[in-house]
Every structure is written in structure tokens, then in C-alpha cells.
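> Build the 3D model from these lines:
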Amino acid sequence: MQKRKYIFLLLMAAIVAASCNKQINEKQVDPNNPSSVPPRLILGTVLTDMSGTVKGQGSLSATGSNEGVNAWDAAHRWNQYHCSNYDYYDNNIYSWTNGSFNSYTVLKQVVQMEGEASKLLPAVNPYKAVGRFVRAYYYYNMTMMFGDIPLGNDLQGLSNLTPSYTTQQKVFQYVLSVLDTANTELASLIAAGDINNLLDKNQDIYYGTQANNLVSWQRLVNSFKLRVLISLSGKASDATLNVAAQFANIINNPGKYPIFQSQDDDLKFNFNPGGTNTYSLYPFNPSNFGSIATRFNMAKAYVSTMTTLNDARVFVTSEPAWALVGNDSLHPAQYKYFAGASTGEPLATMYNNADAGLYSFINRKRYYANFTGEPNVLVGYKELCFNIAEAIERGWIGGTAEDWYKKGITNSFAFYGIDVTQPGFTAFFLPPGGTSTSDVQPYPVTFDFTAYYAQPAVKLSATTATAINQIVLQKYIASFENSGYESYYNWRRTGVPSFDGGSGVGNNGIIPLRWAYPVAEQTVNTVNYRAALSGQGFGTDDLNQKMWILK
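The predicted structure follows:
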């Protein structure tokens, strides 16, 4: 009897102890620091980061900014669309000696989103499929910036402070493969039509208003893959990548690999002040007109391209250099009155010339009149048209290159509100002495698209090399202040258009070919960092070295 009583007391003590431990553990859980987050909420954060429009995105350390890809940001100075003429706001130096790996922060969020989705949804689900695109988007841009990079496919790998580097060739293999998988998974989800397994439209800031946003994401996946493949034109003979065959496979199988059909399919960020994204103001707007409207002028590479081609789009994006207009103030919409500054010009010289009215400023009507501005296009239909035209010229696919080339041009004109079937339009410039966008004046522009296209410099040449240069040049024009670094990447790949060097760009006056790795890699990940340099044939982490894709 005494023994049974003893056993009973021991059991009771164990139960009480277990209960106390459970209560203690429960009380140790911080309700303000949840251990699980719905995948839809992570999706909204990831997609906003990807846009490059988050607060502080102008900084090279901004999460997900890919070094400042927003409109009128660092990327577009380096694309030589515009210049900063006042050092307080910025300069035009290609300051790539401290490139950032902050994109891995977004990739960690993608992995977290995928993990949370797997707890609630089947193995094939929209969050994982869209996550694959985001992975491809970031890895593509990072390898294009640096060359060889760490390739972490899971959370543990991405959290590793001393990762090894993957060769650029293998990074591209991964990017192309993961895009193909994303297409397959999206096709499966669309075919299933399961309304309980759809992407949250309230968090999908790009395609949430579409009837079936997964259809739009699938078109994006394949259109982006065509961008990646065109970037590999110099490696078309690589047997592992099979660039031409992969491009043809998409174009020749539209049912399996749908692509953009119009600009409505663009991956674009719509600035939305007063809506769900109340922080989302267009970078230039009425609130900063007074402080910066004359601190940014147009770049010579862009403006001279436009004036040489008698391209009326310059009247929409730019204003005349009023010192050149002189007494002809009633007729300022003439190509001879538009001029940009060389990006390589010393900053003091540029400031003085801009202040004297010798350079064109940004069109104040279009870019400062409201808080919405124009969409920030990350991947667009116009670019797709030019990529297909180039692939035809290279012999990768059949078709008529000129048809796609003209589609790209006319869609670009449409983006700026220019109807190519009409004989002209109205331009709006801020005349000298104007102090706000309310002082903007209208000026008539006569424009004949047929005559524009008939120019030998515009009409697609019968000579392949010349035609490819024309296609890339028109893609440069159409990518004004959008598409991230694509204009720089295309310049680096083809030499089109002609970019300006000089003391203003830094790097001994030479436009660099790559970013240097983050400084932290030199100290935290020294062994792998040095191995990556050696493996690429770099004696030092030099900005002027050619990465694999350029060799």
C-alpha cells in the first residue's frame, strides 16, 4: 500500500512538472514576434522590394533595389539618359567599387514565402511558382553586375556567411532552368483552375487587377526568359546553354510558352499616392519641383540619338536648351534646340552650362506635374518586340524582323501618347522664368511617322550587323527611364549607343564593365572571394575586367 502511494505521488509530480514547463514555454512565446507569417503577406513585401521603389531605394544599400533601378535613379544616370549636375543630390560617377549583395535579403524572403506556402498549399502552388521568377530575376541581375556569384538555393545556403561562388555560366543555366520550371508550374495551376490555390490579388501589385493573374505571370516568365537569352548572344555557340534553340522553343510553341501580347502585360509598378501604397509617389513631383527641377539635365547619349534621328519622342521627355533657342521662343520644338551634357563632363562645368541654359532639362510637364507620373516598367512588351526582331536577324528563329522592329517603335510612341497615324501633337515646355508646372506652355509639333521611318538610319537595314545595331538603338530609346540596367547591359554587349566617358564617370574616365564585389566579402569570405577572382582570371577585383558573358 505504501509503495503504491509512493508511485502515485511520483506520477502526480511528473504531471505537475510537465504542466509547469508547458506553461513556461507558452509564456516564453512572444506574441509580437510571430514564428509564422502567411505567404501572401511575404509576397507583397517581395514584389514591392523588387520594384526598386521602396523608401530609401536611391541608396546603394536599399533592400532589393539592385543598386537603384527606379525611374530617375542611379541606374538611369549610368544608362546615360540623364545627368545630375549638382553634387549635393548626386554625381555621374560609376561608383561600383562597393557593390551590394543586399539582393540576397529578398531571396531569403522568397525562401520563407515558399516555406510558409508549403504548409498550407500543395507542392505546386502559385507562391512557389512566382518565387521562382523572383529568384531568376535577382540572380540574372546579380550575375550581370558581378560575374560569378554565390548561388544559394535554400535558406541555409543563403544564410551562409562564407559561401562558395558559382561560375557565371552555371548561374545562367540555373536561371534558364528555374524559369522553365516556373512556366510548367504556372501552366499546371492555370489548367487546374483551383480558386483555392490562387495568388493573393491584394498583394500582387503587378497583376492583381487581372482576371487571372497567373496567366499574366506565365507570360512574364517566358518574356523575361527571352531577355536572358538575348543577353547571351555572345554565347550562342555554347552547347550547354543552347541559346538559339531555347529561344526558338518559346517562339515556336506559343501554347506551351505564352509571351506578352501588348503593353497591358508589362511588369510595371504603378505609382499610387493616396491608394493602398500611400508612400508611392513618383520620384519627381510637385513637392520637390522647387528644389531639384534644375539639378538634373538630359544626357548627350540620349538626346543626340534622338535629334540625329529627328525623333519626336524627345519633345515629350525633354525640354529645349533655352540659350540655344534665343529669340526663336515661339518655335522651340526644333531638334537643333535640344542638347544633352556628356556624362563624362566635370560636374562644375556641367552645372555652369546647365545654369546658362545650354542643356535640355527633363520635361517638367511630364515628370513634375503630379504624384503619379508614368509606370516604372521592369520588363515590357516593347523590349520583347526588339528582342524577337534581333533573334530573327541572328537566324535563331524565322519571321520578319522588320515587323517586330516596327511594333517596338510604334508601341514606344504610343507609350508617350504620340499617335503615329496623326500629323502631329502638342508638346509642353516650361519657358525661361517659369517657376512651377502651372507656367508650362503648349507648342505645336509637326511629325510624320512615315517620313521618320523612311530615314536610312531608322528603316531596318538589309545588312544583318547594321540591322542589329538599329534594333538595339531603338530598344535603348524605348527603355528611357525604365527596364533597370538593360540599356547598360546592351551597350556592354553591343557598343550601342555610343556612351560618353571622361573624368565625370570616375574610373579614370573609363566606363566600367562590372561591379566590384562587396567590401565585406574581402574580409568575411576571403578564401571564396579570392577563389572567385582567380577562377575568372581576375588579378584583382577590377571594374574593367571582362566577365564570362563578355569573353
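> got the contact list for the residue nearest to residue 232 when sequence neighbours are not counted?
The spatially closest residue to residue 232, leaving aside those adjacent along the chain, is residue 243, at 4.8 Å (Cβ to Cβ, 6 or more residues apart in numbering). In this view, the C-beta of every residue, glycine as well, is placed from N, C-alpha and C. Residue 243 is in contact with 229, 232-233, 235-236, 396, counting by Cβ atoms under 8 Å, 6 or more residues apart in numbering.
> now residue 377
Going by Cβ under 8 Å, 6+ apart, residue 377 touches 266-268, 482-483.
> Return the subset of the contacts of residue 243 lying in helices.
Judged by DSSP state H, those include residue 229 as members of helices.
> By neighbours, which of the contacts of residue 243 wins?
residue 229 (27 neighbours; other Cβ atoms under 10 Å).
> Is there a neighbour count for residue 390? I'd like the number.
Residue 390: 25 neighbours (other Cβ under 10 Å).
> Helix or strand: which one has it?
Assigned by DSSP states H and E, residue 390 belongs to helix 381-393.
> need the next SSE after that helix, C-terminal direction.
Helix 381-393 is succeeded, C-terminally, by helix 401-415 (DSSP H and E).
> Only alpha carbons, please: show that following helix as CSV.
Coordinates of each C-alpha in helix 401-415 appear next as CSV, following Å, rounded to 0.1, in the frame of the first residue of the first chain:
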residue,chain,number,x,y,z
ALA,A,401,12.4,41.1,-88.2
GLU,A,402,11.0,44.4,-89.6
ASP,A,403,7.5,43.6,-88.4
TRP,A,404,8.6,43.2,-84.8
TYR,A,405,11.0,46.1,-85.0
LYS,A,406,8.2,48.4,-86.1
LYS,A,407,5.9,47.1,-83.4
GLY,A,408,8.5,48.0,-80.8
ILE,A,409,8.9,51.5,-82.2
THR,A,410,5.2,52.3,-82.6
ASN,A,411,4.4,50.9,-79.1
SER,A,412,7.1,53.2,-77.7
PHE,A,413,5.5,56.2,-79.4
ALA,A,414,2.1,55.1,-78.0
PHE,A,415,3.7,55.0,-74.5
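> same for that helix, what does it pack against?
helix 381-393, helix 449-454, helix 464-478 (3 or more Cβ pairs under 8 Å, 6 or more residues apart in numbering; DSSP states H and E).
> tell me the most buried of the ones you listed?
Of all these, helix 381-393 has the most neighbours on average by mean count of other Cβ atoms under 10 Å, namely a mean of 26.
> other SSEs contacting that helix?
Short answer (3+ Cβ pairs under 8 Å, 6+ apart): helix 381-393 packs on helix 213-231, helix 243-251, helix 401-415, helix 464-478.
> okay, which residue is most central for this protein?
Central residue of the chain (Cα atoms, centre = their mean): residue 484, 3.1 Å from the mean position.
> Contact partners for that one?
52, 66, 69, 75, 141, 378.
> which residues in the stretch 451-551 of the chain form helices?
With helices called from DSSP state H, counting those that start in this stretch, the stretch 451-551 of the chain shows them at 464-478, 486-494, 519-524, 526-535.
> looking at the ones you listed, which is closest to residue 343?
Minimum separation from residue 343 across the helices of the stretch 451-551 of the chain (Cβ to Cβ) falls at helix 486-494, 11.5 Å.
> pLDDT weak spots in this structure?
The chain contains residues with pLDDT under 70 at 1-35, 54-67, 153-158, 274-279.
> Just the strands from it, written as ranges.
82-84, 267-269, 296-298, 376-379, 424-429, 441-446 (DSSP state E).
> Neighbouring strands of the first one in the sheet, and parallel or not?
Just to be clear, that refers to strand 82-84. strand 296-298 (antiparallel) (DSSP bridges).
> what about the partner strand, distance to the chain center?
Here strand 296-298 is found 21 Å from its chain centre; the criterion is Cα atoms, centre = their mean, to the nearest Å.
> Same check on stretch 455-463?
Counting by Cα atoms, centre = their mean, stretch 455-463 comes out at 29 Å from the chain centroid.
> can you tell me which two in the contacts of residue 484 are farthest apart?
Greatest spatial distance in those: 75 and 378, 11.3 Å, computed using Cβ to Cβ.
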